[in-house]
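[1] Give me a model of this one.
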Amino acid sequence: MAATEPRDAPGTPSAPTVHRENERKVRLPEEVQLPRLAGDGWTATADEPAQLEADYYDTPDLRLLRWGVTLRRRAGGSDAGWHLKVPVAGEDGAVRDEVRMPLGAGQAGQVPDALAAVVRAFVRSARLERVATMRTTRQTVTVRDAEGPLAEVADDRVQVERDGTVIAEFREVEVEALGDSGERTDAALTAIVDRLVDVGGTPHARGKLSSSLAPDGPGDPDVVVPPEVGPHDRARDAVVRALAGHVQDLMLADVAARRGMPDAVHKLRVAARRLRSLLRAFGPVLDEQWARGLRDELGWATDGMGGARDTEVLRQRLDEHAEQLTAEDRDGAVRGIAAWVDARLAAASEAALETMRTERYLRLLDALVDAAREPRFAGTAPDADAGAKAETAADPDGEARTVLAGLAKRPVRKLLKSVSKLGPESTAQEWHRARIRAKRARYAVDAVVPVMGKGTARRAAALEHITDVLGELQDATVAQATLRELAAERGADGPEGFALGQLAAIEAGREDAARATFWDDWKGVRRDIRWKR
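    Numbering: from 1, shown residues only. You can find the predicted model right below:
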């Protein structure tokens, strides 16, 4: 199989397009005819048979397939081109986003950068190579009702070849929704599948490639979240589960961010921050040097993405607060302000992507995958200061409930101490420090809820609330600073300067309101988050 370094074909300026795919699959015996699809308000139109040939690309250990992703270059048929199919968050495997580029975006063996970049978190330093060739004879039938197209029924005779050897031959019918998915199209897909089953078909959840290359399943993805841990299980098991969950979140958010999905950079940074907080909170059961190294690298990555997050928040707040201005101010001056913020957001988003394109970031992803699989616990590496370290170390093989309670208490106590120093004259930096303490406490407590019970769930809820309040305060503070920066940069006066002043005043009001809410709620939060022992 020929390996390939992803690159764009020369002279192809095309950009990817996205198609939301909602389809069902049914295996059908070779000798069985398709059931009648017309009637009962439906019409059915058959196209001429088409010959399709597709090369599929993956890493040698099938990392993409194990994450539920397929990448192919297909010639023939109405949708010839490069296709990258990725799962959709919150949907079952029947719904995927198909990112498309034309055939000219890359010759066989030359995966376009625009597609390879999307799944870089899954591929990382591995190589993409051709893993199979699929030849298909396809007969397509389009089903419509009075409102328009419902579904495309593709009757496929398939032959799969790997390394010059045919490894699978079968017949499969794909039933794909046409147009926007909804009750009408979903009902049609169900009805068509039922008709196929009635003539001897068998619903088949797995894709053609996966079932051909790995009949028993392609295996687990690189990061698997273990089952929930009970209070009497080992502390190390709870740590592994918590770290694996957030590494998985980070990798999925990475894919979404590279696709430009809304709020994806924010979710990526949240996952990274949660990991940093957990590595800090679980420090006594982890190898100190190893955990500190990961924290440092995660801090570098989040710093590189911070501008995109802050500017995205500012853009959202601008849209919200512009509604409070008069139509004259909103339609005139605010339009110029929004354009400036959009330009800044584009630059910040590109800076975030530049961070994600670096070799340093790819090394971090590799390290996180290793961390999710096998964290390094205290005592697993030589330590010259082992004697002194023993005073603060915790036993990773101790009972989860006992060990984790002790670990989660520490960031909560630091939060209580930080808030005790706040007062009417506290600076924005002091409030921000309290917010950081609150987030660290929240993430640590969130991680131990499964093994600590209802009392800890109450603490987690209280910390989530107060973190949200402090987040609103911080966003309002940052927004005011950015609006002042904008006014200075543009030398704003007249209508634009007046609008900037109004927006800054709104943000100042939001800051004051958030601070008041914090003090109104803090007494109850403080009561809920304290440990009695």
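[2] Okay, domains of this structure per the record?
    3-213, 235-529 (automatic domain parsing).
[3] possible to save those as TSV with distance to P226, mean pLDDT and mean neighbour count?
    Every residue, glycine included, has its C-beta placed from N, CA and C. Output for those, formatted as TSV (distance: least, CB to CB, whole Å; pLDDT from 0 to 100; neighbours: other CB atoms under 10 Å):
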stretch	distance to P226	mean pLDDT	mean neighbour count
domain 3-213	17	90	17
domain 235-529	5	88	18
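[4] Adding distance to V223, write these out as TSV.
    Listed next are the domains of the chain as TSV, based on distance: least, CB to CB, whole Å:
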stretch	distance to V223
domain 3-213	9
domain 235-529	5
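[5] For V224, which of those is the nearest?
    domain 235-529 (6.6 Å; CB to CB).
[6] so which of the domains of the chain gets nearest P221?
    Closest among those, using CB to CB: domain 3-213, at 4.6 Å.
[7] Would you state the strands of the stretch 1-150 of the chain in chain order?
    3-4, 17-27, 43-46, 50-58, 70-75, 81-87, 95-101, 128-145, 148-162 (DSSP state E, counting those that start in this stretch).
[8] and Y361, which of those strands is closest to it?
    strand 128-145 (18.3 Å).
[9] what's that closest one packed up against?
    Helices and strands touching strand 128-145, by 3 or more CB pairs under 8 Å, 6 or more residues apart in numbering; DSSP states H and E, are strand 3-4, strand 43-46, strand 50-58, strand 148-162, helix 183-198, helix 208-213.
[10] Kindly reformat these as a markdown table containing distance to M452.
    As requested, the helices and strands packed on strand 128-145 are exported to a markdown table (distance: least, CB to CB, whole Å):
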| stretch | distance to M452 |
| --- | --- |
| strand 3-4 | 49 |
| strand 43-46 | 58 |
| strand 50-58 | 41 |
| strand 148-162 | 49 |
| helix 183-198 | 41 |
| helix 208-213 | 39 |
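[11] Out of the ones you listed, which is closest to R360?
    Taking CB to CB, strand 3-4 is the member of these nearest to R360, at 23.8 Å.
[12] Which of the helices and strands packed on strand 128-145 sits closest to I466?
    Using CB to CB, the nearest of those to I466 is helix 183-198, at 41.2 Å.
[13] of the helices and strands packed on strand 128-145, which approaches R363 most closely?
    Per CB to CB, nearest to R363 of those: strand 3-4, 21.0 Å.
[14] so W522 touches L422, yeah?
    No - W522 is beyond contact range of L422, at 9.2 Å (criterion: CB atoms under 8 Å).
[15] Could you pull out the helices in the stretch 351-500 of the chain for me?
    Remark: helices assigned in the stretch 351-500 of the chain by DSSP state H, counting those that start in this stretch are 359-373, 386-389, 400-420, 428-452, 454-490, 494-529.
[16] Take those and write them to JSON lines, including distance to R24.
    Below are those laid out as JSON lines (distance: least, CB to CB, whole Å):
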{"stretch": "helix 359-373", "distance to R24": "33"}
{"stretch": "helix 386-389", "distance to R24": "57"}
{"stretch": "helix 400-420", "distance to R24": "42"}
{"stretch": "helix 428-452", "distance to R24": "35"}
{"stretch": "helix 454-490", "distance to R24": "39"}
{"stretch": "helix 494-529", "distance to R24": "47"}
